[in-house]
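Q: here you go, sequence then predicted model.
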Amino acid sequence: MSIMPVLWIVWAGVTAILLVLLAYRGTITRHEEDQIFLDSASDHQQREQTEILAKVGKINPYVNYATGATCLLSACILGMYVWDAVKHLM
């Protein structure tokens, strides 16, 4: 059995996880404000923004790991195809 179908299945799984994480992070940051004018009456807005930043801070390492794994698997798949092409040309 070739290793290529296994690599493709693992790549698809990791990429699906990455897409879910990116969609979730996009959903969380949809309500994030670019600029807030804080006064004593808008403490709830500051708390909301702090909660959003905390959630995004928890998700970012997983997004980075999934991105790195996807890139590494993509390089492995590409390398396997190049190696196979070189073997057939020789």
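A: The structure has been received and is ready for your questions.

Q: in this structure, which spans are strands?
A: Along the chain, no stretch is classed among the strands by DSSP state E.

Q: so where do the helices sit in it?
A: Applying DSSP state H to the chain gives helices spanning 4-29, 43-89.

Q: okay if I get these as CSV plus mean neighbour count and mean pLDDT?
A: Any C-beta I mention is one placed from the backbone N, CA and C, and that applies to glycine too. Listed next are these as CSV, based on neighbours: other C-beta atoms under 10 Å; pLDDT from 0 to 100:
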stretch, mean neighbour count, mean pLDDT
helix 4-29, 13, 94
helix 43-89, 12, 91
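
Q: please name the spatially closest residue to residue 69 (chain neighbours excluded).
A: Take residue 69 and drop its neighbours on the chain: the residue closest to it by C-beta to C-beta, 6 or more residues apart in numbering is residue 14, 4.8 Å away.

Q: that neighbour and residue 22: what is the separation?
A: 13 Å (C-beta to C-beta, to the nearest Å).

Q: the residue nearest to residue 69 contacts residue 65, correct?
A: No. Contact criterion C-beta atoms under 8 Å: residue 14 and residue 65 do not qualify, at 9.3 Å.
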